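Trainee: With the sequence up front, the predicted model follows.
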Amino acid sequence: MTPPFNDPAAARTWRDYFAEVERRLVGIDEEDRAELRSDLETHLADSFAAESEERGEADRLASAIRRLGRPADYLRPVLADQLLARGTRTYNPTPIARGLYHSLKLGSTRAATAVGFAFGYIALAIFALMALLKPFWGDHVGLFREPNGTISFGIVGNSSGGEELLGFWIIPISLFVVAVLYIILTRALRSVRTRV
Amino acid sequence: MGRLEEGIERWQVQLRKGVLEFVILLSLREMEQYGFELISGIAKRASLDVPEGTIYPLLLRLSKDELVASRLAEGEGGAPRKYYRLTPHGRSMLEAMTRSWSDLSASVQQMLVGENA
């Protein structure tokens, strides 16, 4: 629902604004995307029409856009929410990572929650990395008892002289931890998603 | 802008965002409204200075939660407009939110009076 602009500058501003809206809507369900775009177009047309006609079209449209706000600001919450909903429903890490990133950018409670979950997924990635590295870098990955009695676990810089306690068992153990942690974190994220 | 003003501004933004859902349901209590009408009314009556675009993702979520429903009807000039109204579930939720708001507001007011006494 584009108003019939006489001023080419106003028509261009309108097109640019909705190109930005479209960019920000990537990742949102098709049906919601069409609905939001249509609602925003109708709103901006109404808001533009409500401006005093004494001013030029470009000026009136600029005022209406200023009140509507930047698409990046008001569309990010819905994008974060939908990505997290999709990721936690399908256990797909890509939308989860993107959803956490957008939640972090939102600030406040959402950011604090996102930081917590991001740490959880990073811990999970470290376990996955251990399983991957063990066959190639065996002396530095695993559970070691050092000569002085201290225990080192994970990816260690120098394990010379240390006794390896798990050997290649570290691979299935790490993979098991990854699977369990992924399910627990994703289910927890699904349940808190609606509360943040 | 000083640290105090910045802090207050951040707090006000969060506060406004937090009550927006409640204010939308309150605005739809009496009659159905289309988007621009709804946000203009909120801006006029509630002085909630939030970007107008904020309302649409929120209305989408409220629709999915079945708190509001919408219908397309011809507006002025013949262009179709989407009118939002409260559902029975939305009305029940609004009553519960109103009670909760009154309790919270009374507690905060009591603390304010206590501090000033």
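Mentor: In hand now; what should we look at? Numbering: from 1, shown residues only, chains lettered A, B, ... in the order given.

Trainee: Torsion angles phi and psi at the residue of chain B found nearest chain A?
Mentor: For chain B, the residue closest to chain A is B:P51, as judged by C-beta to the nearest C-beta, at 2.4 Å. Using the backbone N, CA and C atoms, a C-beta is placed for each residue, glycine as well. When read as degrees, to the nearest 10, the backbone of B:P51 gives phi -60, psi 140.

Trainee: That one: neighbour count?
Mentor: Neighbour count for B:P51, taken as other C-beta atoms under 10 Å in any protein chain shown: 15.

Trainee: pretty sure it is touching A:D73, no?
Mentor: Yes. Applying C-beta atoms under 8 Å as the test, B:P51 and A:D73 come out as touching, 6.1 Å apart.

Trainee: So which bits of the top helix by length along chain A are buried?
Mentor: Using DSSP state H, we find that the single longest helix of chain A is helix A:108-133. Within helix A:108-133, the residues that count as buried by 16 or more other C-beta atoms under 10 Å in any protein chain shown are A:110-111, A:113-114, A:117-118, A:120-121, A:124, A:127-128, A:130-131, A:133.

Trainee: show me what contacts B:A46?
Mentor: B:A46 makes contact with B:V23, according to C-beta atoms under 8 Å, 6 or more residues apart in numbering or on different chains.

Trainee: Relative to chain B, which residue of chain A is the closest?
Mentor: A:G69 (2.4 Å).

Trainee: got a pLDDT number for that residue?
Mentor: With respect to pLDDT, A:G69 scores 92.

Trainee: That one: how many residues sit nearby?
Mentor: Neighbour tally, A:G69, other C-beta under 10 Å: 16.

Trainee: now the one 5 residues further on
Mentor: As a burial measure, A:Y74 scores 23 neighbours (other C-beta under 10 Å).

Trainee: Once you drop chain neighbours, what's closest to it?
Mentor: Distances taken as C-beta to C-beta, 6 or more residues apart in numbering or on different chains place B:G53 nearest to A:Y74, at 3.7 Å, with adjacent residues excluded.

Trainee: wait, doesn't the one you found sit right on A:L40?
Mentor: Yes. Using C-beta under 8 Å, B:G53 is in contact with A:L40, at 6.5 Å.

Trainee: what residues do the two have in common as contacts?
Mentor: With C-beta under 8 Å, 6+ apart as the test, B:G53 and A:L40 both reach A:L68.

Trainee: all strands for chain B, in order.
Mentor: All strands of chain B, identified by DSSP state E, fall at B:33-34, B:68-74, B:80-86.

Trainee: What parts of chain A come near chain B?
Mentor: Residues of chain A found near chain B (C-beta under 8 Å from any C-beta of the partner chain) are A:1, A:32, A:35-36, A:39-40, A:42-43, A:45-47, A:50, A:67-71, A:73-75, A:77-78, A:81, A:108.

Trainee: coming back round to it: tell me the mean pLDDT over the helix or strand following the longest helix of chain A?
Mentor: The helix or strand immediately downstream of helix A:108-133 is strand A:141-145, counting by DSSP states H and E. The pLDDT scores in strand A:141-145 average 84.

Trainee: who does the helix or strand following strand A:141-145 pair up with?
Mentor: Sequence order places strand A:151-155 as the next helix or strand after strand A:141-145, per DSSP H and E. Next to strand A:151-155 in the sheet, as set by DSSP bridges, lie strand A:141-145 (antiparallel).
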